[in-house]
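[1] model the following, please.
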Amino acid sequence: MRKLRSGVPILLVIMLALTMVLSACSKTNEGGKVNNTPPATTNSTKEDPKPDNKEKEPEPAEITKIKVTLWDRGITPAGAASLKDNRMVKWINEQLAPLGVEVEYMQIPRAEESEKLQVWMASGDAPDLIITYSMEILNRYAEMGGLRELDALLDEHGPQLKENNKIALEQAGTYKGVRYAIPALRGNPFNGSNMSIRKDWLDKLDMKVPTTTDELTEVLRAFKEKDPGGVGSANVVPWGLPALSGSGQSTFLFGAMAGFGIRMEGPQTESNYWQSGNIVNGEFVPSVLMPEGREYFRWMNQLFKEGLISKEFATDANSQRYTQDFNNGVVGFIDANNPAPFHNIQVRKTVAEATYVTVDPFVDPNGEQFFNKIADYGMFIMVPKTSTDKEAAAVVKYLNWMVQPDVLVTLNKGIEGEHWHNVDGIMTPIDPEANKQDLWVYGYGDLEIIQQGLKPTMDLEALTKEAAANVDLETPEKRREYAEGTLAFSDMVAKFGKVPPIINVPRPVNDRIGANLGKFLGEAVSKVIIAADFDKEYDALLKGWSGNGGDEWQKEATEVLKEIGYIK
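    Numbers count the residues shown, from 1 in each chain. Just a heads-up that it's a prediction; the model follows:
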């Protein structure tokens, strides 16, 4: 165990050890298995970056070694090089050497992030760069004095970083006016949890893409009763849904809930990925307390009783059954992070004719449509108080190096000449199978954390051309379909998307009870959906809400929304 540095008080360590930390996951964006970077490059140019050909500065005499958090998503292929021997990691340290920085990556199992971070922070053994998607975690550790202030370090060592991430820095990462985190920039602003449906099944049934939850109900019933995929009625999963919490594939209820008129107008309870609730008469009302919320879950209960959602969803905590069903092409409707074109690439490895399309936000009872658009910032990058001055400076140097355009491309696509080469202005993989052995480490954009995803191409012809770099889009028809689907999704986000309120002020009640309240709700909602007696179980949910401090939590949520000016 590393010794505590910088004189961190023992009381802080005890407080951190006792604190219950929420499960950190982007609630409308990141998800357990999301890949926000398209399979075809989005930054191709005629003059491709050549990071290894840059003139090197003299290597400094002293190297500061920093430990950096890296997600462990369980995707390491058999026989792949370890982090120590990985080509990408070696390249990173070759490039960092002139800056006097060396990186050692420390992995956290994605599903155990909050627990591992809690142990690290409490013991004083945290890496020098730690990450989370939760503003609550950032605020909590800042309040406890467990994080380093970063304003001066950014000014001294991060000029390019400040320019590249300007929008993200303006929106988030501060607590009580002091910067404790550097927020990643979302390279692709057109994103968020979204609904997709099997268009090939709809065509066989002569049905249209649903525009309301009532129409969705009709479609799901038709999927089940008429089996348009020919997989056997008993095997059809009209709505694919893994467990509501604790799963590798984040479970989203955003889209259909919005169709009942429920919005994201306040904070979510921790680890629960559905619409948070509405502002009603100047007060924030959580969705589970709204009449519309009760009716939404009554609808879900009915769908479950009819066999229209995954039978095993309540116990499918690791998403194994959900993933199996999806890959086997038996799932008709999903709400997930990736848009339809990504789903098609995956499912067609098993079912060649499967075709998902984007579902526009459902028209709610008020005739409105709403989409939860991600903010311009992504994960929060922090430095614990236990890191030395040199280590903290090295972290910012590392991030400042990372925002260079050629570096971002390399961390996203691999090394030119080794993993890809330029073919008519397109970054084309040299050996896709061999690349898997080196490039697993950057899966899901986990290496280029300071900018999540490259900026997208928004031109149909250019995007179609870029799609040729993906080995799964081997025909002109598939490339065109991918490009059209990508642009259709982006247009939908631009038309209906709205960013939820950004709450960057103290929330002591949430810090104290938020994790337990969120865990209770995840379990209670699961019971509600599968209940034989819906009203009895929902009444138990409401009683448990109050018993777990929900009323106090709601009051604080209203107060902070007024403090930040969201409620006038």
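
[2] from residue 119, how far out is residue 233?
    Distance of residue 233 to residue 119, computed by C-beta to C-beta, to the nearest Å: 48 Å. C-beta here means a position set from N, CA and C on the backbone, and glycine is covered the same way.

[3] who has more neighbours, the two?
    Remark: of residue 233 and residue 119, residue 119 carries more neighbours, 15 against 11, as counted by other C-beta atoms under 10 Å.

[4] gap between stretch 177-194 and the chain center?
    Relative to the centre of its chain, stretch 177-194 is centred 10 Å away, using C-alpha atoms, centre = their mean, to the nearest Å.

[5] so residue 390 belongs to a helix, correct?
    Yes: counting by DSSP: H, G, I helix; E, B strand; the rest coil, residue 390 is found in a helix.

[6] test my guess that it contacts residue 64.
    Yes: contact criterion C-beta atoms under 8 Å: residue 390 and residue 64 qualify, at 4.8 Å.

[7] neighbour count for these two, which is higher?
    Using other C-beta under 10 Å as the criterion, residue 390 and residue 64 rank with residue 64 on top: 21 against 15.

[8] show me the beta-bridge partners of that one.
    Beta bridges link residue 64 to residue 101 when assigned by DSSP bridges.

[9] count of residues packed around the closest residue to residue 150 other than its chain neighbours?
    Closest residue to residue 150 apart from its sequence neighbours, by C-beta to C-beta, 6 or more residues apart in numbering: residue 179 at 4.7 Å. Using other C-beta under 10 Å, residue 179 has 20 neighbouring residues.

[10] these two touch, right, residue 179 and residue 154?
    Yes: in this structure residue 179 lies within contact range of residue 154 using C-beta under 8 Å: 7.0 Å.

[11] for the longest helix along the chain, name the packing helices and strands.
    Determined from DSSP state H, the single longest helix within the chain is helix 508-530. When contacts are defined as 3 or more C-beta pairs under 8 Å, 6 or more residues apart in numbering; DSSP states H and E, helix 508-530 packs onto helix 135-143, helix 291-305, helix 534-547, helix 550-563.

[12] give me the buried stretch members for that helix, please.
    Using 16 or more other C-beta atoms under 10 Å as the test for burial, helix 508-530 gives 509-515, 517-522, 524-526, 528-530.

[13] before we move on, back to that, nearest to residue 324, out of the helices and strands packed on helix 508-530?
    Ranking those by their distance to residue 324 (criterion: C-beta to C-beta) puts helix 291-305 first, at 19.4 Å.

[14] what does whichever helix or strand comes after that closest one contact?
    Where DSSP states H and E defines the elements, the next helix or strand beyond helix 291-305 is helix 320-327. Helix 320-327 is contacted by residues 237, 240-242, 247, 249, 310, 312-313, 316, 331, 334, 343, 346-347, 349-350 when judged by C-beta atoms under 8 Å, 6 or more residues apart in numbering.

[15] and stretch 173-181, end to end?
    5 Å (C-alpha to C-alpha, to the nearest Å).

[16] mind checking the pLDDT average for that stretch?
    Mean pLDDT, stretch 173-181: 94.

[17] one more: stretch 68-87?
    The pLDDT scores in stretch 68-87 average 77.

[18] so how far is that stretch from its chain's centroid?
    Centre-to-centre, stretch 68-87 and its host chain are 20 Å apart (C-alpha atoms, centre = their mean).

[19] ok, now stretch 311-327?
    Distance, stretch centre to chain centre, for stretch 311-327: 19 Å (C-alpha atoms, centre = their mean).

[20] buried residues, it. List them.
    So for stretch 311-327, counting by 16+ other C-beta under 10 Å, buried means 313, 314, 316, 317, 318, 319, 321, 322, 323, 325, 326.

[21] now for these, which pair is the farthest apart?
    Maximum pairwise distance among these (C-beta to C-beta): 17.8 Å, between 314 and 326.

[22] which other residues reach stretch 560-568?
    Stretch 560-568 has contacts (C-beta under 8 Å, 6+ apart) with 265-267, 279, 282-284, 501-505, 507, 558.

[23] what does stretch 199-215 give?
    Stretch 199-215 is contacted from outside by 197, 216, 218-219, 222-223, 226, 228-229, 256, 259-260, 299, 332, 353-357, 359-360, 362-363, using C-beta under 8 Å, 6+ apart.

[24] please pick the buried ones from these.
    197, 216, 219, 222-223, 228-229, 256, 259-260, 299, 332, 354-357, 359-360, 362-363.

[25] so which of the residues you listed are in strands?
    Those of the buried ones among the contacts of stretch 199-215 mapping onto strands are 197, 332, 356, 357, 359, per DSSP state E.

[26] just send the contacts of stretch 560-568 back as a markdown table, with secondary structure too.
    Output for the contacts of stretch 560-568, formatted as a markdown table (three-state DSSP):
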| residue | secondary structure |
| --- | --- |
| 265 | coil |
| 266 | coil |
| 267 | coil |
| 279 | strand |
| 282 | coil |
| 283 | strand |
| 284 | strand |
| 501 | coil |
| 502 | coil |
| 503 | coil |
| 504 | coil |
| 505 | coil |
| 507 | coil |
| 558 | helix |
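
[27] and the least confident of those residues?
    Scanning those for pLDDT, the low point is residue 504. It has 81.

[28] tell me the one among the buried residues of stretch 311-327 nearest to residue 538.
    For the buried residues of stretch 311-327, the closest approach to residue 538 (C-beta to C-beta) belongs to residue 314, at 15.8 Å.

[29] OK, contacts around the closest one?
    If a contact means C-beta under 8 Å, 6+ apart, then residue 314 has 243, 244, 526, 527, 529, 530 as its contacts.

[30] isn't the last one up against residue 304?
    Yes: with the criterion set as C-beta under 8 Å, residue 530 and residue 304 qualify as a contacting pair; they are 5.6 Å apart.

[31] okay, now the unreliable bits of the stretch 151-300 of the chain?
    Where the stretch 151-300 of the chain drops to pLDDT under 70, the residues are 245-250.

[32] do a quick rundown of the helices in it.
    151-157, 159-164, 166-171, 199-205, 213-226, 254-258, 291-305 (DSSP state H, counting those that start in this stretch).

[33] does anything pack onto the shortest one? Which helices or strands?
    Applying 3+ C-beta pairs under 8 Å, 6+ apart, one finds that helix 254-258 contacts strand 194-198, helix 291-305, strand 331-336, strand 371-372.
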